[in-house]
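[1] okay, here's the prediction I keep looking at, along with the sequence it came from:
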Amino acid sequence: MNAINQSGWKPEMVGEGRHDVKTYTGNKALMLEEPLIFEIGNNSTTGVDLAVSPKVISRLGNLERHRDIALPGLSEPEAVRHYTRLSRQNYAIDLGFFPLGSCTMKHNPRLNEKVARMAGFADVHPMQPIETVQGALAVINELAVWLIELTGMHGVAMTPKAGAHGELCGILCIKAALEARGDKRSVILVPESAHGTNPATAAFAGFSVENIPATSEGRVDLAALKSRLGPDVAGVMITNPNTCGLFERDMKAISDAVHAAGGYVYCDGANFNAIVGRVRPGDLGIDAMHINLHKTFSTPHGGGGPGSGPVVLSEALSPFGPLPFTERHADGHFSLVEEETAGERHPHSFGRMTAFHGQMGMFTRALSYIMSHGADGLRQVAEDAVLNANYILRSLEDVLDAPFAHSGPCMHEALFSDDGMAEGFSTLDIAKGLIDEGYHPMTVYFPLVVHGAMLVEPTETESKATLDQFIGALRSVAERAKAGDPLLKSAPHHAPRRRLDETQAARKPILVWREPEQAVAAE
Amino acid sequence: MSRYYTEDHEWIDVDGETATVGITDYAQSQLGDIVFAEVPATGATLKKGGDAAVVESVKAASDVYAPVSGVVTEGNDALEGDPALVNSDPEGEGWFFKLTLSDTSELDTLMDAAAYKAFVDGL
């Protein structure tokens, strides 16, 4: 026999996961307790050798600081360990399945990262002479061409830096178009099934917002929308696919009705990943739509990188789009249309939203993603995202209430409600139970049109085996909620901290660290 | 004094031309623990059905709509320091604002207690 453990000794498993087995450090093996950086750092030490500063004559007029600023002094390994330990308490897409989906993070292909780190893209500065950054401008231009082609639109504003910034860009285009024709329309209609940022954007741009109800199917009530249209309506903001995970199949009829009434159609394209390669928003009569490169085109966001929200525009709105943008000349040379040349090239622009050209690092990653997938690959992205979401919906609809399951297939997201749980059990308990199972919970309590909503977006990159394990875990937790398992009520049991008091944290947040004696004095 | 209700779960106590507005017990039970409330400024002009105040719970942020049109005479400043009043006494100490009605006939579109109870039971 060749076994390594020839003695037959088995490790002692008694006490596994038990909280009554205390350690001197408070650590549980690889699960480390980590204090705040202020608590481990020492104010009187520093990790770097700083030269004693020379005496200078102060010009601050007695405003100079005399008190110690109490920065925690740590050596380099101490600082590195602190943040690495904290990162180990975090959940990440590189650790496991994320049912929050692309809304928070989907897999970021490593090829994109390799391309973005190439010196010609990574080490350029927006104020370099334009002749020295022709490759970077070519990337922006090539990506713009792809986005126009994929959406069937007329133009694209590449500079907006995230989804809501893109919404603002689109709404400002609508505002500029109305002003150009001397039209004082002041109302933007927003359906209940839209993203929460939509009404905020419209209000920020100076419009008043009115809600349009959803049907029992979870889609925009077309009749209600039509009856509200009139000479005061500047436009509508519709999220498609919507927050119920459904495709707005009346989109063309909605656009036609809005256009006939003299308004414009803004589409929140955050969920474009469900339809890319399958549906061209331009064919649906949409005038402006932002595309989240950090969702559909897999660029990192959240803690990992900035968002990027280019806005595709219809022929009617393109003249009003922001500066700057790239222009390709017949000889293959690229230039930028900026204020100096806008008078001749783009006289109706509403202005500028950003200092420079947009999120260059995201442009290279998104173009890398698009070119490595190709048109057929992108189409498969949408198909797999939708297939995976429907697999989750149909695998769990017997144990979780799926309020729109009767509305047909879902798009990239499966929506459940808290209906049918035992008295006193809610969506929050399911979310906490999933933490014990080793998953980050899905989106909870959104959208508001569903009671105790649970919105699961698996994304296209997950395998059937991964989905099956998650379905098993969610099924198990849901069954415990239906049976009224009291242990679920106090979950999570295995996380570094148990159930936190979210109410107290929101009502009486502690936002500033104080030394213990100061904290006592401040009470 | 008489109390009316809206389909958006606001209540309004009307005494002649003046009224007090808050959200119903049903509304607070659905929102969960309230962590923030923003009341309108004195003198603000409200339009029936328009945004009047904001209420945030651990689950969601919602608008409180004006049940009728009017001019705000007082906001409940106590909610700033103690938003939990909306949970503990939604239809009393947890009121949001007082206003002077601009059109008392708008009250005709609201529900009385019995109609509101039937409305909530049907949800």
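    Received the coordinates, thanks.
[2] which neighbouring elements make contact with the longest helix seen in chain A?
    What stands out as the longest helix in chain A, according to DSSP state H, is helix A:360-396. Here helix A:360-396 touches helix A:110-116, helix A:119-122, helix A:134-151, strand A:414-416, helix A:464-483, going by 3 or more Cβ pairs under 8 Å, 6 or more residues apart in numbering or on different chains; DSSP states H and E. Just so you know, the C-beta spots here come from the backbone N, C-alpha and C atoms, and that holds for glycine as well.
[3] next, the angle from that helix to helix A:134-151.
    In terms of direction (axes from the mean of the first three to the mean of the last three Cα atoms, to 10 degrees), helix A:360-396 departs from helix A:134-151 by 30 degrees.
[4] secondary structure element holding the residue sitting nearest the centre point of chain B?
    Nearest to the mean C-alpha position of chain B, by Cα atoms, centre = their mean, lies B:Gly22 at 2.6 Å. Remark: B:Gly22 resides in strand B:18-23, with elements defined by DSSP states H and E.
[5] list the buried residues of that strand.
    Of all the residues in strand B:18-23, those buried under the rule 16 or more other Cβ atoms under 10 Å in any protein chain shown are B:19-23.
[6] what sits closest to B:Val68 if chain neighbours are left out?
    Leaving aside its sequence neighbours, B:Val68 sits nearest to B:Glu106 (Cβ to Cβ, 6 or more residues apart in numbering or on different chains; 4.3 Å).
[7] quick check: the one you found touching B:Lys48?
    Yes: contact criterion Cβ atoms under 8 Å: B:Glu106 and B:Lys48 qualify, at 5.4 Å.
[8] find residues that contact each of the two.
    Jointly contacting B:Glu106 and B:Lys48 under the rule Cβ atoms under 8 Å, 6 or more residues apart in numbering or on different chains are B:68-69.
[9] can you dump the C-alpha atoms of the lowest-mean-pLDDT helix or strand in chain B in CSV for me?
    When each helix and strand of chain B is scored by mean pLDDT, DSSP states H and E, strand B:61-65 comes last, with a mean of 90. What follows is strand B:61-65, C-alpha atoms only, in CSV (Å, rounded to 0.1, in the frame of the first residue of the first chain):
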residue,chain,number,x,y,z
ALA,B,61,-36.2,55.1,-0.2
SER,B,62,-39.7,56.5,-1.1
ASP,B,63,-41.4,59.7,-1.8
VAL,B,64,-44.3,60.9,0.3
TYR,B,65,-46.8,62.6,-2.0
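[10] what lies in contact with the longest helix seen in chain B?
    Using DSSP H, we find that the single longest helix of chain B is helix B:113-121. When contacts are defined by Cβ under 8 Å, 6+ apart, helix B:113-121 is touched by residues B:3, B:5, B:7, B:24, B:26, B:111.
[11] about what we covered before: for the residue nearest to the centre of chain B, which residues count as its bridge partners?
    Beta-bridge pairing of B:Gly22 under DSSP bridges involves B:Trp11.
[12] now do the same contact list for it.
    Per Cβ under 8 Å, 6+ apart, neighbours of B:Gly22: B:10-11, B:86, B:90-91, B:94-96.
[13] mind doing that once more with 6 Å?
    B:11, B:94-96 (Cβ atoms under 6 Å, 6 or more residues apart in numbering or on different chains).
[14] how near is it to A:Ala483?
    B:Gly22 sits 38 Å away from A:Ala483, taking Cβ to Cβ, to the nearest Å as the criterion.
[15] what's the answer for A:Pro213, then?
    Computed as Cβ to Cβ, the A:Pro213 to A:Ala483 distance reads 36 Å.
[16] now do A:Met360
    For A:Met360, the distance to A:Ala483 - Cβ to Cβ - is 53 Å.
[17] so between those two, which is more surrounded?
    Shown here are A:Met360 and A:Ala483; by other Cβ atoms under 10 Å in any protein chain shown, A:Met360 has more neighbours (22 against 11).
[18] now do that one against chain B, distance only.
    Between A:Met360 and chain B the distance is 34 Å, computed by Cβ to the nearest Cβ, to the nearest Å.
[19] mind pulling up the pLDDT for the closest residue to that residue other than its chain neighbours?
    With sequence-adjacent residues excluded and distances taken as Cβ to Cβ, 6+ apart, A:Met360 is closest to A:Ala136, at 6.4 Å. Per-residue confidence (pLDDT) for A:Ala136: 96.
[20] what does A:Gln6 give?
    At A:Gln6, the pLDDT value in this model is 64.
[21] just give me the neighbour total for residue 111.
    No chain specified, so I'll use chain A. Neighbours around A:Leu111, by other Cβ under 10 Å: 13.
[22] not what I meant, chain B
    Using other Cβ under 10 Å, B:Met111 is surrounded by 17 other residues.
[23] export only the CA atoms of stretch A:109-124, formatted as PDB.
    What follows is stretch A:109-124, C-alpha atoms only, in PDB (Å, rounded to 0.1, in the frame of the first residue of the first chain):
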ATOM      1  CA  PRO A 109     -11.500  38.400 -19.000                       C
ATOM      2  CA  ARG A 110      -7.800  38.500 -18.300                       C
ATOM      3  CA  LEU A 111      -7.100  39.200 -22.000                       C
ATOM      4  CA  ASN A 112      -8.700  42.700 -21.500                       C
ATOM      5  CA  GLU A 113      -6.300  43.300 -18.700                       C
ATOM      6  CA  LYS A 114      -3.300  42.300 -20.700                       C
ATOM      7  CA  VAL A 115      -4.300  44.700 -23.600                       C
ATOM      8  CA  ALA A 116      -5.100  47.600 -21.200                       C
ATOM      9  CA  ARG A 117      -1.600  47.300 -19.700                       C
ATOM     10  CA  MET A 118       0.200  47.700 -23.000                       C
ATOM     11  CA  ALA A 119       2.400  50.800 -22.700                       C
ATOM     12  CA  GLY A 120       0.900  52.500 -25.700                       C
ATOM     13  CA  PHE A 121      -2.500  52.500 -24.000                       C
ATOM     14  CA  ALA A 122      -1.600  52.600 -20.300                       C
ATOM     15  CA  ASP A 123       1.200  55.200 -20.300                       C
ATOM     16  CA  VAL A 124      -0.400  57.900 -22.400                       C
END
